[in-house]
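>>> Provided below are the primary sequence and the corresponding predicted coordinates.
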Amino acid sequence: MSTIMLIRHGDTDWNVEEIFRGRADVELNETGIKQAQLLAKYLEDVPIEMVYSSPLKRALKTAEIIASSHNAYVIPSQELIDFDYGKWQGLSHEVVKDRYKTLYEEWLKKPHLVKMPEGESLDDVRKRAVSLVDRATATHEETVALVSHRVIHKVIISALLGLDNSHFWNIKLDTCGITTFIYSEKRFILEKHNDTSFLKSIDRPALNDF
């Protein structure tokens, strides 16, 4: 039996400003670093065997802070890199809604059918991300942390629950939120979702699902 812990990275200025991040290498802001430190403290008694991380700075920094309180390595993995938003990357939420009206409506209503202009689809994400989960459960017997991004973890969660990507908007995952699955007898069992209980000391309004 092993445990897969999906952890979203901490806050960045682009999260707060609702700018589509994608492959842009945005760093954690001051709040994001504090979130990651509180997260590491919260997990200090969890026997984390290995930490896999998106290679982007916001995730990698979060992963390194977690690993610093454990005898664990951080392995950057391209399979966990953020969703490629293509032409949406670097644009604000409001600009995308105005400039790409039809595609944006489809993204909200039928996300599983959307292929981003010069970017990825959710099916592309599922193929690469779930393969890493499969390898992790085959390799490790204790807790493995996967530090990545909102879209990536939503797709993984759907896959492990046996849901297709049309359920993307049925899942909310906050910055530094933890979702935990137990892998036992070739089955993934959801144990905890979007745990942010350790962030109560941070005084800021909750962000939108973005």
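Alright, I've got the coordinates.
>>> for the rest of this, base every contact and every neighbour count on C-alpha atoms.
Will do.
>>> am I right that Glu191 is in a helix?
No. Per DSSP: H, G, I helix; E, B strand; the rest coil, Glu191 lies outside any helix segment and is strand.
>>> could you give the number of residues near Ala24?
15 (other Cα atoms under 10 Å).
>>> would you agree it falls within a helix?
No. Counting by three-state DSSP, Ala24 falls outside a helix, being coil.
>>> I'd assumed Gly90 was in contact with it.
Yes. Using Cα atoms under 8 Å, Ala24 is in contact with Gly90, at 7.4 Å.
>>> mind listing the strands for the chain?
Along the chain, the stretches classed as strands by DSSP state E are 2-8, 48-53, 74-76, 143-148, 178-184, 187-195.
>>> and the contacts of the third one?
Among residues not part of strand 74-76, those counted as contacts by Cα atoms under 8 Å, 6 or more residues apart in numbering are Met50, Val51, Tyr52, Ser53, Ser54, Pro55, Leu60, Ala63, Glu64, Ala67.
>>> just give me the residue closest to the centre of this protein.
Residue closest to the average C-alpha location in the chain (Cα atoms, centre = their mean): His149, at 2.7 Å.
>>> contact partners for Pro117?
Contacts of Pro117 (Cα under 8 Å, 6+ apart): Tyr85, Gly86, Lys87, Trp88.
>>> quick one: which of those is nearest His167?
Tyr85 (18.7 Å; Cα to Cα).
>>> and the closest one, how far from Ile19?
Distance, Tyr85 to Ile19, using Cα to Cα, to the nearest Å: 11 Å.
>>> ditto for Thr12
From Thr12 over to Ile19 (counting by Cα to Cα), the distance is 10 Å.
>>> okay, and the common contacts of these two?
By Cα under 8 Å, 6+ apart, no residue touches both Thr12 and Ile19.
>>> hang on, the earlier thing: pick the one among the contacts of strand 74-76 closest to Asp164.
Distances from Asp164 to those, taken by Cα to Cα, are shortest for Ser54, at 22.8 Å.
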